[in-house]
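Q: sequence-free structure coming up:
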């Protein structure tokens, strides 16, 4: 069976978990406290980061590489479009969330509020939290702009871009940092993706010391 | 003709330029002072970043999306391997350089020393410069480890992983921040990639106020 080394609230791990679940690939989840830099784990991934997926006799690292590998080897259902232009648009948006959104929002909210405590790295920096809370508005508005004329973020079909976005937003929703009142179309999109069977695992996550709010797992939030 | 909005020392733009040149795609280069946030440019890429490539009637953003698009639509010569496991290894390494190397080394050396001056954002932070100069050693050692048993970074063939690494190292070499004495195999790899016709454009770059050292364009450095 495949084995995923992960941490529950990591958006990169969540993107891989959603992809595995959508493709009905059975996987054993192993929590990896990667910041403790266990030598065995560093052999698996010298970058010292999660996710790391063991599958098909391979050890894969980097969430983008893992998800595209899964789509190439298990094409049902397709999460990467066929046409080059549509693939480029999907990859642009995966980059948008995993790079820009991650650095401007996720690191400033989730990492300040949760990771620092779990990793014993001190207290949240309130300037970062403030700037993350400000910046998420721009990103929700951009999603609104996209979803206003598209069914899914990259076009008419569900793709890895939706999973990338939902991975970040679901992790932030776990700590109540998403204002779902800001855009009705973004909320509808999240309701649609949240109700997929692939989302169940993520909705049942529990991080010790950080109980999720009631609305987190509620499909009618 | 294709048009690339870029800045000369950006490793992400250099990766795209190398890919275009290797595939002999003619392109018009337009320098874009993206930090001035020109509204026309923001329409092209709401992320406000370079590179942006106009080609085939499309406007593409995010260097990874652009390079894979070029390989899918102009497969000669191939820069993305065919086999899923080899593709995953290539994408892992592109991620390694464009994420880990970028944040640990490039931003701390190139951005501190050059971008801050060009963008009028103050003086280099010497702690960052020191930590970047320390951290590049780990990355050169990791490249040595890979190249000790592989012809190219991701395996036996030249791939986007080599261009990603060479894009970062060439930009740092422009400001003399790479110690080529650290590893003979890394130096040999760079000499090999530097002598490709695709590298010529990058070796003739000139940034006002930052003349390159003599060895920068020298194939026998």
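A: Structure received. Here the structure is a predicted model, which means the values were calculated and not measured.

Q: quick one: the strands in chain A, in order.
A: A:2-6, A:27-31, A:52-55, A:58-61 (DSSP state E).

Q: which of those strands sits closest to residue B:28?
A: Minimum separation from residue B:28 across these (C-beta to C-beta) falls at strand A:58-61, 37.2 Å. For every residue, glycine as well, the C-beta is placed using N, CA and C.

Q: who does that closest one touch, helix- and strand-wise?
A: strand A:52-55, helix B:84-95 (3 or more C-beta pairs under 8 Å, 6 or more residues apart in numbering or on different chains; DSSP states H and E).

Q: chain A against chain B: which residues are in contact?
A: A:46-47, A:49, A:56, A:58, A:60-62, A:64-66, A:68-69, A:72-73, A:84-85, A:87-92, A:95-96, A:99-100, A:142 (C-beta under 8 Å from any C-beta of the partner chain).

Q: can you lay out the helices and strands packed on strand A:58-61 as a markdown table showing mean neighbour count?
A: Output for those, formatted as a markdown table (neighbours: other C-beta atoms under 10 Å in any protein chain shown):
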| stretch | mean neighbour count |
| --- | --- |
| strand A:52-55 | 23 |
| helix B:84-95 | 23 |
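
Q: as JSON lines, these with mean pLDDT and distance to residue A:14 would be great.
A: Output for those, formatted as JSON lines (pLDDT from 0 to 100; distance: least, C-beta to C-beta, whole Å):
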{"stretch": "strand A:52-55", "mean pLDDT": "98", "distance to residue A:14": "13"}
{"stretch": "helix B:84-95", "mean pLDDT": "98", "distance to residue A:14": "17"}
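
Q: looking at the ones you listed, which is nearest to residue A:200?
A: Using C-beta to C-beta, these put strand A:52-55 closest to residue A:200, at 19.5 Å.

Q: report the central residue of chain A.
A: residue A:167 (2.2 Å; C-alpha atoms, centre = their mean).

Q: surely that one touches residue A:9?
A: No: assessed by C-beta atoms under 8 Å, residue A:167 is found out of contact with residue A:9, at 9.8 Å.

Q: what packs against the top helix by length along chain A?
A: Counting by DSSP state H, the longest helix found in chain A is helix A:126-147. Applying 3+ C-beta pairs under 8 Å, 6+ apart, one finds that helix A:126-147 contacts helix A:184-194.

Q: centre of the chain to the helix it packs on, how far?
A: Distance of helix A:184-194 from the chain centroid (C-alpha atoms, centre = their mean, to the nearest Å) equals 15 Å.

Q: likewise for stretch A:14-24?
A: Computed by C-alpha atoms, centre = their mean, the chain-centroid distance of stretch A:14-24 equals 10 Å.

Q: so for that stretch, what's the average pLDDT?
A: Mean per-residue pLDDT for stretch A:14-24: 98.

Q: contact partners of that stretch?
A: A:2, A:4, A:6, A:27, A:29, A:51, A:53, A:63, A:66-67, A:70-71, A:74, A:76-77, A:79, A:98, A:160, A:163-164, A:166-167, A:170-171, A:196-202 (C-beta atoms under 8 Å, 6 or more residues apart in numbering or on different chains).

Q: of those residues, buried ones?
A: A:4, A:6, A:27, A:51, A:53, A:63, A:66-67, A:70-71, A:74, A:79, A:98, A:160, A:163-164, A:166-167, A:170-171, A:198-199, A:201-202 (16 or more other C-beta atoms under 10 Å in any protein chain shown).

Q: helices - which of these land there?
A: Filtering the buried ones among the contacts of stretch A:14-24 for helices - DSSP H - leaves A:63, A:66-67, A:70-71, A:160, A:163-164, A:166-167, A:170-171, A:201-202.

Q: which two among those residues are spaced furthest apart?
A: Distance extremes for those: the farthest pair is A:71 and A:171 at 22.2 Å, using C-beta to C-beta.

Q: list the contacts for residue A:9?
A: Counting by C-beta under 8 Å, 6+ apart, residue A:9 has contacts A:110, A:114, A:171, A:174, A:205, A:207.

Q: pretty sure the third one sits against residue A:106.
A: Yes: assessed by C-beta under 8 Å, residue A:171 is found in contact with residue A:106 at 6.9 Å.

Q: got any residues that touch both of the two?
A: What both residue A:171 and residue A:106 touch, as defined by C-beta under 8 Å, 6+ apart, is the set residue A:11.

Q: give the contact list for the residue nearest to the centre of chain A.
A: Counting by C-beta under 8 Å, 6+ apart, residue A:167 has contacts A:11, A:12, A:14, A:15, A:18, A:97.
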